[in-house]
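Engineer: What follows is a protein structure lacking sequence information:
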């Protein structure tokens, strides 16, 4: 059953704009079961992500990050980062949404991963 644009807007605003959301990096697919392997150690920390107003794109409603997200400089190798997750807590918490990076990044000591404006897009159909 399709949702109205109003319902999509309210859902995106409630999940990603009215509460603090954190983006995290994974070296394996977290899946809807939240079973992926999140990066740990080497100065890694989840980062706050801020999303803009929902917009319509075809039959989807979407939000995108409005600021550059800069992770700490890796003090050890983090591995091949292939996926990201959006969680509701700085540690632990619940996985809200996840996705695959178009270009995986092998984060080695001295690298500082960055997610540019608009690179984290959450869609609701």
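Structural biologist: Great, that's in hand. What you see is a predicted model; the values in this text were computed from it and never measured.

Engineer: Let me see the ranges of the helices in the chain.
Structural biologist: 5-12 (DSSP state H).

Engineer: quick one, longest strand in it?
Structural biologist: strand 95-107 (DSSP state E).

Engineer: Can you pull out the residues in contact with stretch 88-95?
Structural biologist: 19-22, 30, 34, 45-46, 85-87, 96 (C-beta atoms under 8 Å, 6 or more residues apart in numbering). In this view, the C-beta of every residue, glycine as well, is placed from N, C-alpha and C.

Engineer: whoops, I mixed them up, stretch 77-85
Structural biologist: Stretch 77-85 has contacts (C-beta under 8 Å, 6+ apart) with 23-30, 36, 38-39, 41-42, 44, 95-101, 104-109, 111, 113, 115, 120.

Engineer: Just among the contacts of stretch 88-95, which is most surrounded?
Structural biologist: residue 21 (25 neighbours; other C-beta atoms under 10 Å).

Engineer: Might you report the residue contacts of it?
Structural biologist: 15, 48-51, 86-88, 96.
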